[in-house]
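**Student:** everything below, folded, please.
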Amino acid sequence: MTKDFIYNNPSQETMRQLYKLCVFSAVIVMSCMAHIAQAQDTPAKLLKQGKEKSAAKEYKAAIALFDQAIKLDGKFKKAYYHRGMAHFKLEDLQEAVADFNRIIAIDAKNAMAYAGRAQVKYEAGDNEGACEDIKKAGELGFAESSVYIKKYCR
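**Tutor:** You can find the predicted model right below:
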């Protein structure tokens with residue numbers, strides 16, 4: 001009989017302890033949720049961080065960040081573009097071309113991918129390929145193509 005009475009009619013002290021436990025639990029849950037939200041990187045956030053690393057000429061670190069963004073979104077053209085440019089800066093021309101090719105496979109009308117690939121081909125000594133790509137970039141709306149056509153297409 002005493003047991004039933006305690007469970008059905010808890011004392012004020014028991015109620016205070018339960019209230020404190022609930023508040024403490026809520027604080028813990030909210031804190032965990034905040035940490036999880038902060039820890040989750042989005043492709044856009046990783047792209048921004050990668051661009052900052054590229055601007056600081058920390059290309060390997062930038063590539064690692066672009067890799068993470070691409071892992072989260074395999075069709076993230078901007079991440080491929082900036083990773084391609086970082087590879088280009090490191091003179092890894094094969095990887096740079098591969099990234100521009102990936103963009104073109106995703107979006108065959110991406111003028112910047114053709115312009116980037118033209119730049120890499122030109123550096124690799126493929127003037128004819130660079131000329132084809134920059135002309136294609138121009139057809140797709142790359143505003144500065146005429147400047148590069150003069151440079152690549154002789």
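
**Student:** OK, contacts around residue 153?
**Tutor:** 127, 131, 134, 135 (Cβ atoms under 8 Å, 6 or more residues apart in numbering). C-beta: built from backbone N, CA, C; applies to glycine.

**Student:** now those: which count as buried?
**Tutor:** 131, 134, 135 (16 or more other Cβ atoms under 10 Å).

**Student:** between those, which is closest to residue 147?
**Tutor:** Set against residue 147, the nearest of the buried ones among the contacts of residue 153 by Cβ to Cβ is residue 134 (9.2 Å).

**Student:** return the residues in contact with that closest one.
**Tutor:** Residue 134 neighbours (Cβ under 8 Å, 6+ apart): 114, 115, 118, 142, 145, 148, 149, 152, 153.

**Student:** excluding sequence neighbours, find me the nearest residue to residue 67.
**Tutor:** In this structure, residue 67 finds its nearest non-sequential neighbour in residue 83, 7.1 Å apart by Cβ to Cβ, 6 or more residues apart in numbering.

**Student:** that neighbour contacts residue 63, correct?
**Tutor:** Yes - counting by Cβ atoms under 8 Å, residue 83 touches residue 63, with 5.7 Å between them.

**Student:** comparing the two, which residue is more hemmed in?
**Tutor:** Neighbours were counted for residue 83 and for residue 63 using other Cβ atoms under 10 Å; residue 83 has more, 29 against 23.
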